[in-house]
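K.L.:
I'd like to go over a predicted model; first the sequence, then the structure.
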Amino acid sequence: MTAALALPLAQEARAATPATTAPAAAATPATISAGDDNPFRWMELDGLRADFRFMCPAGRCVGFWSLVLTDDIARQKFEGGKFFVYAPATGEFSFFLDTDIAVRTVDHPGQVRLVDTEFMRSHPRVEVRYGNPGHPGRARVVASATTLM
């Protein structure tokens, strides 16, 4: 089931990526440029920062923007819970990207990675929370991304 959920997420991540200047098979970090394609530049970020990355699943390199925790948040001590993505206005959950697999929760701050998805674009505020996903109202808000109008 996780792999099935990862496909649309990975496809959205790829769709939000800048074009490469070389064929995919020959792509290297030097041929993938972040440019000004940051889909998060219109968001107010608290505890998050935009990060450009590339990965080469199955030999095809893909560049993409994502949101990760800021260094000061990532260095904090977290115990006894999980990180999850939550939209407080609707009570809906989203996913993190772990390499090229969509996962609902992660254990460590370094695993927090949000990609540009329809979920991110359709909710005015998305929060990264830490605690029990079964009780999101009791979880600690670690970071947030708010769409600027």
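P.N.:
Received the coordinates, thanks. Note that the structure is a prediction, hence the values are computed from the model and not measured.
K.L.:
If the residue nearest the centre of the chain is in a bridge, with which residues?
P.N.:
The residue lying closest to the centre of the chain (CA atoms, centre = their mean) is Leu114, at 0.9 Å. For Leu114, the beta-bridge partners under DSSP bridges are Leu67.
K.L.:
Give the next helix or strand downstream of the lowest-mean-pLDDT helix or strand in the chain.
P.N.:
One helix or strand of the chain scores below all others by mean pLDDT, DSSP states H and E: helix 2-15, with a mean of 40. Following helix 2-15 in sequence order, the next helix or strand is strand 43-46 (DSSP states H and E).
K.L.:
Tell me which other helices or strands that following strand touches.
P.N.:
Judged by 3 or more CB pairs under 8 Å, 6 or more residues apart in numbering; DSSP states H and E, strand 43-46 is in contact with strand 140-147. From N, CA and C alone the C-beta is placed, and that goes for glycine too.
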